[in-house]
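Visitor: generate coordinates for the sequence data below:
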Amino acid sequence: MKKVFALLILLTVLPVVAVAGAEASSQLDASAAEEMGRKYLSEKSGLDDEKLSTYIVAEVYRKEWEDGTPIWVVRFMGDRNDPAYFTNTYTIYVDARDGSFLQMSEPSIPNPVTRAFNELSDKQGQLFVSWTLEQKYEFSQTFPQVVEDFKALAREDGKNYVPISSYLWTLLDYDFRLPDESCISKEAATEFAKAALEKSENFTEDYVLMRFVNEYSFLYSYEFVQEGRLVWKVFFIPAPPDSPDYGYYVEIDAHTGETVGIRHRIQDPVTDEWALVYE
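Guide: Numbering: from 1, shown residues only. Just a heads-up that it's a prediction; the model follows:
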């Protein structure tokens, strides 16, 4: 009786195993997945034959999506020096069971905001902190509109733009201004800032003069005062640089010369990715 029961169980299980094996063997192999990927790249990328020929297969690998769908990922790489793209890569996702198209990610392209900022940096200096007060003010006045134009463009054309960097967003948050006759001079602000730093950190005057170089911003700042204050922001940048210590900045009230606040800038690789670049 036990032998009969065991035989019945075996007969029940075997067909299931056979079907599962047949299903697995009918799925695409890597070569077929690559062929389908090339087909879909031609159909859906909009590239002409000449441009298509420049894309090579960078990798083909198997994986499962979260819902368990077995897929092949076929990645094509084009000319990495093509100025039209930031990352010149197409990725095709193919259903491993029947070779059907699932989706495609396109190359990322530089956004116009970053491109405009880089062009400006080429003219005015790679370090934003070294720009003149007038240049920073002009940036503050014009680039918000550049951002709005980009947002409208991105909604309209749906292209895969590289995001605006967190550092550039940070710069756009600053309210840069220009001093007028009622404000103390940059030289006076520097003397107030030096005195405040020497007292706060117990530095000698000679040490501050020899250790740091100064750069300047003029802005309406909310960093140390909730209601905001018009300030000279005096940077004390180590020369030479001494990672991860990136020096200090002191905010000086633009009208009274009062010290509004002092900040020691230490690079935090987790939360402060723009610490290396001053504003």
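Visitor: how close does the spatially most central residue of the chain sit to residue 191?
Guide: With distances taken as C-alpha atoms, centre = their mean, residue 165 lies nearest the centre of the chain, 4.0 Å away. As defined by C-beta to C-beta, to the nearest Å, residue 165 lies at a distance of 35 Å from residue 191. For glycine as for every other residue, the C-beta is placed from the backbone atoms N, C-alpha and C.
Visitor: ok, and the closest non-adjacent residue to the residue nearest to the centre of the chain?
Guide: In space, residue 165 comes closest to residue 114 once its chain neighbours are excluded; the distance is 6.7 Å by C-beta to C-beta, 6 or more residues apart in numbering.
Visitor: the one you found against residue 161, yeah?
Guide: No. Taking C-beta atoms under 8 Å as the definition, residue 114 is not a contact partner of residue 161, at 9.1 Å.
Visitor: isn't residue 175 right next to residue 217, touching?
Guide: No. Here residue 175 does not reach residue 217: they are 10.4 Å apart, not a contact under C-beta under 8 Å.
Visitor: what about the residue nearest to residue 165, neighbour count?
Guide: For residue 114, the neighbour count with other C-beta atoms under 10 Å is 18.
Visitor: in what helix or strand does residue 75 lie?
Guide: strand 70-77 (DSSP states H and E).
Visitor: can you map out the helices along the protein?
Guide: 2-25, 30-44, 49-52, 112-124, 133-157, 166-173, 186-201, 205-211 (DSSP state H).
Visitor: to residue 100, which of those lies closest?
Guide: helix 30-44 (8.5 Å; C-beta to C-beta).
Visitor: ok, and what's touching the strand holding residue 75?
Guide: Strand 70-77 has contacts (C-beta atoms under 8 Å, 6 or more residues apart in numbering) with 27-28, 30, 33-34, 36-38, 41, 55-65, 88-97, 102.
Visitor: just checking: what are the partner strands of it?
Guide: strand 56-64 (antiparallel), strand 89-95 (antiparallel) (DSSP bridges).
Visitor: quick one: low-confidence ranges for this protein?
Guide: 1-26, 243, 268-277 (pLDDT under 70).
Visitor: give me the neighbour count for residue 171.
Guide: 18.
Visitor: residues contacting the nearest residue to it once chain neighbours are set aside?
Guide: Distances taken as C-beta to C-beta, 6+ apart place residue 279 nearest to residue 171, at 5.7 Å, with adjacent residues excluded. Counting by C-beta under 8 Å, 6+ apart, residue 279 touches 128, 129, 170, 171, 174, 217.
Visitor: now swap in residue 177 and tell me
Guide: Residue 177 touches 137, 218, 219, 220, 230, counting by C-beta under 8 Å, 6+ apart.
Visitor: how about residue 195?
Guide: Counting by C-beta under 8 Å, 6+ apart, residue 195 has no contacts.
Visitor: state the distance from it to residue 169.
Guide: Using C-beta to C-beta, residue 195 is found at 34 Å from residue 169.
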